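Novice: sequence below, structure please.
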Amino acid sequence: MPVLNRIADYAEDMKGWRRHLHAHPELKFDCHQTAAFITARLQEFGVDEIHQGIAQSGIVAIINGTGDGPTTGLRADMDALPISEATGAEYASLSPGKMHACGHDGHVTMLLGAAKYLTETRRFKGRVALIFQPAEEDGGGGEVMVKEGMMDRFNITSVYGIHNVPNIAFGHFQTNPGALMASVDTATITVTGKGGHGATPQDCVDPIVAVVGMVTAIQTIITRNVHALDEVVISVTQIHAGTASNIIPETAWFCATIRCFDPDVRALLKRRVHEIVAGQAASYGVKAGVDYDWGYPATVNHPDQANFAASVARDIAGDSAVDANSPREMGSEDFSYMLESRPGAYLFLGTGPGAGLHHPAFDFNDDAAPIGASFFAKLIETAQPLP
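Specialist: Now for the predicted structure:
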């Protein structure tokens, strides 16, 4: 595994950074302690500019190369999840109910490792914009950073990111030259009927029966409204109603996550959810409201940048360890907003066997951090070579 020698030299430092971050998780936009730690490391490295407070706690740091050239953005998300940790690690979360269960501590470490190397060597022209982003898990920090003008402010011409994936072979990369991850929307439907005694349903308007009908009918969107070759997921993940065995409740509600890749299909799904809920409500004699949260768009790689990133990954991992046409998946990622704003690509990096993402026993594999850092550094040196 040709990790850059200089990066290999400070692999132990990277492990220390990662484990510090793991022990001090922060949620959503409130990543101020994390940002302070990152800023301190960047100052030690000698990066040229550090811009703080973007999307509340985000950072963009600039490293100047040798001579004029473009500015490439490298992004790491830095927020944690509201999960109680069960790793038993000596560096486990010190904040009850919060943990780095998705490896964002590892993503930050990869980018810090690349930053240290690129600041020392500067074997590239133009500039590097190091993007440390809050609120990927919840809040859309990527969208906020873009809306606050990050791309124009720092003249970013392209942007790249990595996500670790457990249970993919260690050190293997996956990506593709198109849609890599799905859009995600959330529909919450509240149904109001007329409550009463469970022994006299004729005197009530039962919202539970209506919810059951709506849930069943919504599943037919995929089989009867969407083309069979379009990939769509509609999963009803919550149903809430009632307080006792002998009471018909006044209200009930349910929630669904809705995912796809095509913007036209996405609009169709929203329309059909509203139509089905309205029709079912009329049928059952209840009132129903739909709160449809239009979430992250699909993460769509730009073909030229995805193919370029895959070639860099081959330099790091070898031809057999890079799948440049991997299947797309139904997870979502707010790096999508950056790819809507600038050409770029997103890749997955396998970290070997372990608990899955968002699991309380998940722990990032520290041995993967030098690989990700080497990829970022090699990408810059290849994209912006010196004459």
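Novice: please name the residues that touch residue 355.
Specialist: 166, 361-363 (C-beta atoms under 8 Å, 6 or more residues apart in numbering). For glycine as for every other residue, the C-beta is placed from the backbone atoms N, C-alpha and C.
Novice: sec struct for the spatially most central residue of the chain, please.
Specialist: With distances taken as C-alpha atoms, centre = their mean, the residue of the chain nearest its centroid is residue 333 (3.1 Å). Secondary structure state of residue 333, per DSSP: H, G, I helix; E, B strand; the rest coil, is coil.
Novice: so where is the stretch 1-150 of the chain shaky, pLDDT-wise?
Specialist: In the predicted model of the stretch 1-150 of the chain, residues 1 satisfy pLDDT under 70.
Novice: could I get the full set of strands for it?
Specialist: For the stretch 1-150 of the chain, applying DSSP state E, counting those that start in this stretch gives strands covering 49-54, 58-64, 71-77, 127-133.
Novice: so which of those is nearest residue 320?
Specialist: strand 71-77 (25.5 Å; C-beta to C-beta).
Novice: adjacent strands (with direction) for that closest one?
Specialist: Next to strand 71-77 in the sheet, as set by DSSP bridges, lie strand 127-133 (parallel), strand 156-165 (parallel).
Novice: dump these to CSV, plus mean neighbour count and distance to residue 317.
Specialist: Output for the strands paired with strand 71-77, formatted as CSV (neighbours: other C-beta atoms under 10 Å; distance: least, C-beta to C-beta, whole Å):
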stretch, mean neighbour count, distance to residue 317
strand 127-133, 27, 21
strand 156-165, 25, 12
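Novice: now render those as a markdown table, adding distance to residue 82.
Specialist: Below are those laid out as a markdown table (distance: least, C-beta to C-beta, whole Å):
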| stretch | distance to residue 82 |
| --- | --- |
| strand 127-133 | 18 |
| strand 156-165 | 19 |
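Novice: that older thread, filter the contacts of residue 355 down to the ones in helices?
Specialist: Among the contacts of residue 355, none falls in helices (DSSP state H).
Novice: which one (most neighbours) among the residues you listed?
Specialist: When neighbours are counted by other C-beta atoms under 10 Å, residue 363 leads those with 25 neighbours.
Novice: against residue 101, how distant is the closest residue to that residue other than its chain neighbours?
Specialist: Among residues not flanking residue 363 along the chain, residue 87 sits closest, at 4.9 Å (C-beta to C-beta, 6 or more residues apart in numbering). In this view, residue 87 and residue 101 are 9 Å apart by C-beta to C-beta, to the nearest Å.
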